[in-house]
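>>> Here's a sequence, model it:
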Amino acid sequence: MNENQVAAHIEALLFALGKPMSRQALTETLGVEAHLVDAALEVLRQAAPGRGIVVVDDGKILELRTAPEASELIERVRREENAREIGRAGLEVLAAILYRGPLTRSEIDFIRGVNSSQTLRTLTMRGLVRKIGNPKDERSFLYEATTELLSALGVTHPIDLPDQAATREKLTVLEAAYRSSQHGTDANTDL
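Residues are numbered from 1 along each chain as shown. I've put the predicted structure just below:
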């Protein structure tokens, strides 16, 4: 591989993974020597002017970020998105997370009866919910309330929400009843 190919692979990896990588991880993943990674980073630096993304390099960790020239545009779009009401879908997702969370996306979808991907993305971008690892399944994430959301609601912990414990218990009972009725329906259709 030459330095241009390595540069393209670095940019693609950082974009696809959506997280920083160390120089060492890059050299191991790409199967190249460190000097070739350095040369590829120089190629990316030279190509950066006029592009919308740049590779930020602190000497150890590399991360793909928006170019400084695009900061005003990005900030304006974020302000506009944050100025919009979160709407009914957002309120439903927040209620599910606050009263039944942390939850996986599929659990939120089950509770709401519709796909919640876009709503979760918006709430995450606004800093109201965050993704955390799922201890039961490392391939999925859980969504939980952030301190920003709790602060906006005037509480310090989800347990401080109005009727939190009672509502959580009622939701658990309703969900269990629904699931058992669905299994009963499935069993009756097999007869």
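>>> wait, Ala39 sits on Glu3?
Yes: here Ala39 reaches Glu3: they are 4.0 Å apart, a contact under CB atoms under 8 Å. C-betas here are computed from N, CA, C, even on glycine.
>>> domain ranges for this structure?
3-70, 85-183 (automatic domain parsing).
>>> So what's the residue count around the residue nearest to Arg45 when sequence neighbours are not counted?
Of all residues not flanking Arg45 in the chain, Val55 sits nearest, at 7.6 Å (CB to CB, 6 or more residues apart in numbering). Residues within reach of Val55, counting by other CB atoms under 10 Å, total 18.
>>> Can you name the residues bridging to Val55?
Leu64 (DSSP bridges).
>>> measure it to Ala40 for me?
Per CB to CB, to the nearest Å, Val55 is found 9 Å from Ala40.
>>> tell me the helices in this protein, going along the chain?
In the chain, helices defined by DSSP state H lie at 3-17, 23-30, 34-47, 71-83, 87-100, 105-112, 117-125, 147-153, 164-190, listed in chain order.
>>> Dump these into JSON lines; add distance to Glu63 as well.
Compiled in JSON lines, the helices of the chain are given as follows (distance: least, CB to CB, whole Å):
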{"stretch": "helix 3-17", "distance to Glu63": "7"}
{"stretch": "helix 23-30", "distance to Glu63": "11"}
{"stretch": "helix 34-47", "distance to Glu63": "12"}
{"stretch": "helix 71-83", "distance to Glu63": "15"}
{"stretch": "helix 87-100", "distance to Glu63": "28"}
{"stretch": "helix 105-112", "distance to Glu63": "25"}
{"stretch": "helix 117-125", "distance to Glu63": "18"}
{"stretch": "helix 147-153", "distance to Glu63": "23"}
{"stretch": "helix 164-190", "distance to Glu63": "38"}
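>>> Output these as JSON lines; include the columns mean neighbour count and mean pLDDT.
Shown next, in JSON lines, are these (neighbours: other CB atoms under 10 Å; pLDDT from 0 to 100):
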{"stretch": "helix 3-17", "mean neighbour count": "16", "mean pLDDT": "91"}
{"stretch": "helix 23-30", "mean neighbour count": "15", "mean pLDDT": "92"}
{"stretch": "helix 34-47", "mean neighbour count": "16", "mean pLDDT": "91"}
{"stretch": "helix 71-83", "mean neighbour count": "10", "mean pLDDT": "79"}
{"stretch": "helix 87-100", "mean neighbour count": "18", "mean pLDDT": "91"}
{"stretch": "helix 105-112", "mean neighbour count": "18", "mean pLDDT": "91"}
{"stretch": "helix 117-125", "mean neighbour count": "16", "mean pLDDT": "91"}
{"stretch": "helix 147-153", "mean neighbour count": "14", "mean pLDDT": "87"}
{"stretch": "helix 164-190", "mean neighbour count": "11", "mean pLDDT": "73"}
